[in-house]
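# Got a predicted structure plus its sequence, pasted below:
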Amino acid sequence: MHTATQQRAGLGLALLSAAAFGTSGAFATALIGSGWSPAAAVTARLLVAAAVLTIPALVMLRGQFGVLAREGRSIVGYGVMAIAGAQLCYFNAVARLSVGVALLLEYLGILLVVGWLWLRHGRRPRRLTVAGGIAAILGLALVLDVTGNHRLDPIGVLWGLGAAVGLAVYFVVSSQADTELRPIVMAWAGMAVGSLCLLAVGVLGVLPIHANTRDVQFLHHRTSWLVPVLGISLVAAVFAYAAGITAARALGAKLASFLGLSEVLFAVLFAWLLLGQLPGPWQIVGGAFIVGGVALVQWDELRPTGSRPTDLHAAESSATESSATAGSSATAGSSATAGSEAGLSRPLVAAEPDRG
């Protein structure tokens, strides 16, 4: 059970992680504005971050490289889809849309996770999830201003929805990761695979990867290109992942993901402070609908799914009666009694809240 101190520390780290992830759009926009391609920005981010995480990952592996071979399929899928694919789609969306709109489109991926769990595992969404989905769709209509006179770049919208798919894959694969593979090792291996994949795609000419060393416009000033490259790698990748993993261990995966929604608000804030991108009033309202809708979905996921209180009380009564019966039988020295008592305790343990 987590202590109150761990809960407070986890809460602070989760918010810091969300804030760090929220800076990626501002750093990427500075690079793209100076002539970098989105693929080049993603590749630089992953290469630098993977290099920084190499030593910690190798220390955690401690020579057990067979784990990487056993989890090769998960690592490749995680690196290509959840890391490289999601970031590439997001940065391409940022090149055509504002950071706030691109990130709001990406976070629709949480709704895709709900749909996947329903279709693949039969976990039908409850009322709060349905209400959250409706609110998110209405918010999306406001953000895209479907009734307005101007048009958003449709290619940018498609890139944003592609980022949503990548985010959904990220949550699904992360939740199914084998316990042998430590989180930092998974992040390092995924970044390495993702960067190699992007380099291969660039060499084949499928996606343009071009960069330069010209100064960039950042914080309303001209500065070296190294500033956004180091920022997007160290702040928005290495620190963001490390703080997020630590927070997830203290809070549990569900609560940590719920707090991760604050990345949307941090991203809009940083886009305003660093780039001067202020969303319009209807986009702000639509963003509030989307964040509120996704929050309802996550709130529904946080609700206990175990037995109702009356059912649990009945189970406890039944367990007590069975234990008494088993206790009277124990005088005969039956070894099966211990197994019966152990079996009776399992429903009570399973009814405890999942802490990830």
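Ah, there it is.
# Excluding chain neighbours, what is closest to Ala136?
For Ala136, ignoring the flanking residues on the chain, the nearest one in space by C-beta to C-beta, 6 or more residues apart in numbering is Gly293 at 3.3 Å. Every C-beta, even on glycine, is put in place using the N, C-alpha and C of the backbone.
# And for that neighbour, the neighbour number?
25 (other C-beta atoms under 10 Å).
# so it sits in a helix?
Yes: checked against DSSP: H, G, I helix; E, B strand; the rest coil, Gly293 lies within a helix.
# Could you pull up the contacting residues of it?
Shown in contact with Gly293 (C-beta atoms under 8 Å, 6 or more residues apart in numbering): Leu111, Ala131, Gly132, Gly133, Ile134, Ala135, Ala136, Ile137, Leu138, Gly139.
# Make TSV from those residues and add neighbour count and distance to Ala248 to it.
Formatted as TSV, the contacts of Gly293 follow (neighbours: other C-beta atoms under 10 Å; distance: C-beta to C-beta, whole Å):
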residue	neighbour count	distance to Ala248
Leu111	22	21
Ala131	16	26
Gly132	25	22
Gly133	20	25
Ile134	13	29
Ala135	20	26
Ala136	25	24
Ile137	14	29
Leu138	16	30
Gly139	23	27
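# Take the residues you listed and keep only those in helices.
Using DSSP state H, the subset of the contacts of Gly293 located in helices is Leu111, Ala131, Gly132, Gly133, Ile134, Ala135, Ala136, Ile137, Leu138, Gly139.
# Do I have it right that the third one meets Leu296?
Yes: between Gly132 and Leu296 a contact is recorded at 3.2 Å, counting by C-beta atoms under 8 Å.
# Any regions of the stretch 51-200 of the chain where pLDDT drops low?
Along the stretch 51-200 of the chain, the model assigns pLDDT under 70 to residues 121, 123, 144-151, 175-179.
# tell me, how many neighbours does Val33 end up with?
Just so we're on the same page, residue 33 is Gly rather than Val. Gly33: 14 surrounding residues under other C-beta under 10 Å.
# my guess is it meets Asn212, correct?
No: Gly33 lies out of contact with Asn212 (C-beta under 8 Å); the separation is 11.7 Å.
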